[in-house]
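Asks: just need the structure, nothing else, for what follows:
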Amino acid sequence: MTDFWFATTCNRPRIHDPAAVQQILDQYRFDWDLLVETATDDEGQDRFVIEGDGWPGAWVKSPDYSPDDEPDFPTDGMQEFEALLSSIAPHLAEPLIVQAIGFNQGRFPLSACEWQVHPGWKTIAKTEFSQSATLQAVDLPLSGLRIPA
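Replies: Numbers count the residues shown, from 1 in each chain. This next block holds a predicted model:
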């Protein structure tokens, strides 16, 4: 049995119109271990939140969607997730940064990804780290190097 572990979080950016963002969110379903919502912080600021123990993914709800149905995820949800982020961009008051990391049974290599969306951007910036890099030898001068006892 394969055990995949994930952690996802974001910087909780301020948003202009939580009702408009919620309308966008209502079009999608998410992994049951991933919270995607609007929230109001202690200072009364409206925020966008993505966090949890699931890998980010979004799936467009079918016309006959029911929250009681067992989820059927026909794709990995990445294209839809990135479309969701693009849809939210006009409502951001500051940049959104989503980070996720995952691994299989705690073994090397880790998979990590970061998505950046800025207010008004039509595209998102995505950085992936999903395999071990090619090892390169680095020659360091050892003379004068002091190692604490």
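Asks: which parts of the chain are strands?
Replies: 4-10, 28-30, 34-40, 46-52, 58-60, 96-104, 107-117, 125-129 (DSSP state E).
Asks: switch the ones you listed over to JSON lines; also include distance to residue 22.
Replies: The way it works is simple: take the backbone N, C-alpha and C, and place the C-beta from them, glycine included. Formatted as JSON lines, the strands of the chain follow (distance: least, C-beta to C-beta, whole Å):
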{"stretch": "strand 4-10", "distance to residue 22": "16"}
{"stretch": "strand 28-30", "distance to residue 22": "11"}
{"stretch": "strand 34-40", "distance to residue 22": "6"}
{"stretch": "strand 46-52", "distance to residue 22": "10"}
{"stretch": "strand 58-60", "distance to residue 22": "14"}
{"stretch": "strand 96-104", "distance to residue 22": "16"}
{"stretch": "strand 107-117", "distance to residue 22": "17"}
{"stretch": "strand 125-129", "distance to residue 22": "24"}
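Asks: out of those strands, which gets nearest to residue 75?
Replies: Among those, the nearest to residue 75 by C-beta to C-beta is strand 58-60 (7.2 Å).
Asks: contacts for the closest one, please.
Replies: 27-30, 36, 71, 73-75, 77, 80-81, 83-84 (C-beta atoms under 8 Å, 6 or more residues apart in numbering).
Asks: weakest of the strands of the chain by average pLDDT?
Replies: Mean pLDDT per stretch puts strand 107-117 lowest among the strands of the chain, at a mean of 82.
Asks: which strands and helices sit next to that strand?
Replies: On a contact count with 3 or more C-beta pairs under 8 Å, 6 or more residues apart in numbering; DSSP states H and E, strand 107-117 meets helix 78-88, strand 96-104, strand 125-129.
Asks: can you list the ones you listed in JSON lines and add distance to residue 13?
Replies: Below are those laid out as JSON lines (distance: least, C-beta to C-beta, whole Å):
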{"stretch": "helix 78-88", "distance to residue 13": "9"}
{"stretch": "strand 96-104", "distance to residue 13": "5"}
{"stretch": "strand 125-129", "distance to residue 13": "15"}
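Asks: relative to residue 42, how far out is the nearest residue to residue 128 once chain neighbours are set aside?
Replies: Excluding the flanking residues, the one nearest residue 128 by C-beta to C-beta, 6 or more residues apart in numbering is residue 113, at 5.0 Å. Note on residue 113: its distance to residue 42, by C-beta to C-beta, to the nearest Å, is 30 Å.
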